[in-house]
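A.B. asks: The following block contains a protein sequence and its predicted model.
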Amino acid sequence: MSDENELIGTNHVGDMIVDKHLMTASRAKAMKSGFSYSLPTLGLLSILMLPLAGCDDTPKEPGAVFKDCDTCPEMVVIPAGSFKMGDLSGAGHADEKPVHEVKIGYSFAVGKYEVTQAEWEAVMGKNPSEFKGARKPVETVTWDEAKSFVKKLSEQTGKEYRLLSESEWEYMARAGSTTEYPWGDEIDSSKAKYDSGDGSGESTVPVGSYSANAFGVYDTVGNVEEWVEDCIHGTYKDAPIDGSAWLSASGDDCVERVLRGGSRSSYPRIGQLRSADRDGFNATARDISIGFRISRTLSQ
Ligand SMILES: [Ca+2]
Ligand SMILES: [Ca+2]
């Protein structure tokens, strides 16, 4: 879709109706003729442009749920806030230290569920998953493919979808909790899909099969492990504290990306499903226990 096409159409902004096509055409004509805008013209244009830039009816109330198209993933609004990231109990793993305060100074929306197979198919066409089911999470997708999904979904909706950063993921998963799991320090098979040793971890389950956390988000614990944006790092020394993704020193070309939350095949006894747990995997590799969750920034 060209920029020109994106701008065609009539846009309602409160009581004001702006014909974007007319505006674009006149701008193009002016540019062709070498016309340079006079100050009053610029003033008028900026009055017309301002409401357009702010034209987004996405709800901003924490806990509000929305979706940007019929087949798009449902999103939950997460408030701005601060939290302590890492091994709060002191019994975690070396890569969860040092515990550090992260301040997320913006609200963002996050997938209410892991991306489902139906949602994946609507955007990407083919379903690569091992454990088939329209409402089950998509798996067997590489980090690169998860990135393609958010790119295509952004193109289709005109909204900027992305993966979560690792710190956003933990903030969203903890939902204000400081315990090992969002609900407390113990886990049992009524709470999440994981390998409890009785064969129940053999498959994934439809998303939303267990209770939501305090932010209204489901399945952060288990089912599929979730790709996030960040490159893998051995500790939190020098980690960003503003919610941004931690990429490699040379940009974003790291080999391994972070996975969070554990999966249907993870074991609680080695701590794989705790809110603080971290894992990593080659960005070009796929696994039947790996899927992802999407995000959208709402306010800076
Ligand atoms: Ca999960
Ligand atoms: Ca770990």
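C.D. replies: Perfect, thanks for sending it. No experiment lies behind these values; they were computed from the predicted model shown. Ligands and ions are numbered 1, 2, ... in the order given.
A.B. asks: From now on I want contacts and neighbour counts done on CA atoms only, so please keep to that.
C.D. replies: OK.
A.B. asks: Which residues of this structure lie near ligand 2?
C.D. replies: Counting by C-alpha under 5 Å from the ion, the residues of the chain lying close to ligand 2 are 277-279.
A.B. asks: which one's the longest strand in this protein?
C.D. replies: For the chain, the longest strand by residue count, based on DSSP state E, is strand 225-231.
A.B. asks: Can the following helix or strand past that one be said to contact ligand 1?
C.D. replies: On the C-terminal side of strand 225-231, the nearest following helix or strand under DSSP states H and E is strand 256-260. No. Using C-alpha under 5 Å from the ion, strand 256-260 never reaches ligand 1; the gap is at least 7.5 Å.
A.B. asks: Neighbouring strands - and their directions - for strand 256-260?
C.D. replies: strand 225-231 (antiparallel), strand 278-282 (antiparallel) (DSSP bridges).
A.B. asks: ok, and does stretch 205-221 reach over to ligand 1?
C.D. replies: Yes. Using C-alpha under 5 Å from the ion, stretch 205-221 reaches ligand 1 at 219-220.
A.B. asks: circling back to that earlier point, as JSON lines, the residues of the chain next to ligand 2 with neighbour count and distance to ligand 1 would be great.
C.D. replies: Shown next, in JSON lines, are the residues of the chain next to ligand 2 (neighbours: other C-alpha atoms under 10 Å; distance: C-alpha to the ion, whole Å):
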{"residue": "Asp277", "neighbour count": "21", "distance to ligand 1": "12"}
{"residue": "Arg278", "neighbour count": "23", "distance to ligand 1": "13"}
{"residue": "Asp279", "neighbour count": "18", "distance to ligand 1": "13"}
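A.B. asks: could you dump these to JSON lines with pLDDT?
C.D. replies: Formatted as JSON lines, the residues of the chain next to ligand 2 follow (pLDDT from 0 to 100):
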{"residue": "Asp277", "pLDDT": "98"}
{"residue": "Arg278", "pLDDT": "97"}
{"residue": "Asp279", "pLDDT": "96"}
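A.B. asks: still on that earlier bit, most tightly packed of the strands paired with strand 256-260?
C.D. replies: strand 225-231 (a mean of 27; mean count of other C-alpha atoms under 10 Å).
A.B. asks: list the contacts for the residue in the stretch 151-300 of the chain positioned nearest to ligand 2?
C.D. replies: As assessed by C-alpha to the ion, ligand 2 sits closest to Arg278 within the stretch 151-300 of the chain, at 4.2 Å. Residues in contact with Arg278 (C-alpha atoms under 8 Å, 6 or more residues apart in numbering) are 95-96, 258-261, 272.
A.B. asks: still on that earlier bit, dump the strands paired with strand 256-260 to TSV, plus distance to Val76.
C.D. replies: Below are those laid out as TSV (distance: least, C-alpha to C-alpha, whole Å):
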stretch	distance to Val76
strand 225-231	17
strand 278-282	23
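A.B. asks: Minimum distance to Glu121: which of the ones you listed has it?
C.D. replies: strand 225-231 (18.0 Å; C-alpha to C-alpha).
A.B. asks: Centre of the chain to that closest one, how far?
C.D. replies: Centre-to-centre, strand 225-231 and its host chain are 10 Å apart (C-alpha atoms, centre = their mean, to the nearest Å).
A.B. asks: Quick check on Asp95: phi, psi?
C.D. replies: As for Asp95, its main-chain torsions (degrees, to the nearest 10) stand at phi -80, psi 0.
A.B. asks: how many neighbours does it have?
C.D. replies: Asp95: 18 surrounding residues under other C-alpha atoms under 10 Å.
A.B. asks: next one: Pro268
C.D. replies: 17.
A.B. asks: Surely it touches Asp188?
C.D. replies: No. Between Pro268 and Asp188 there is no contact under C-alpha atoms under 8 Å: 9.1 Å.
A.B. asks: shared neighbours of these two, which are they?
C.D. replies: Applying C-alpha under 8 Å, 6+ apart, one finds that Pro268 and Asp188 are jointly contacted by Ser196.
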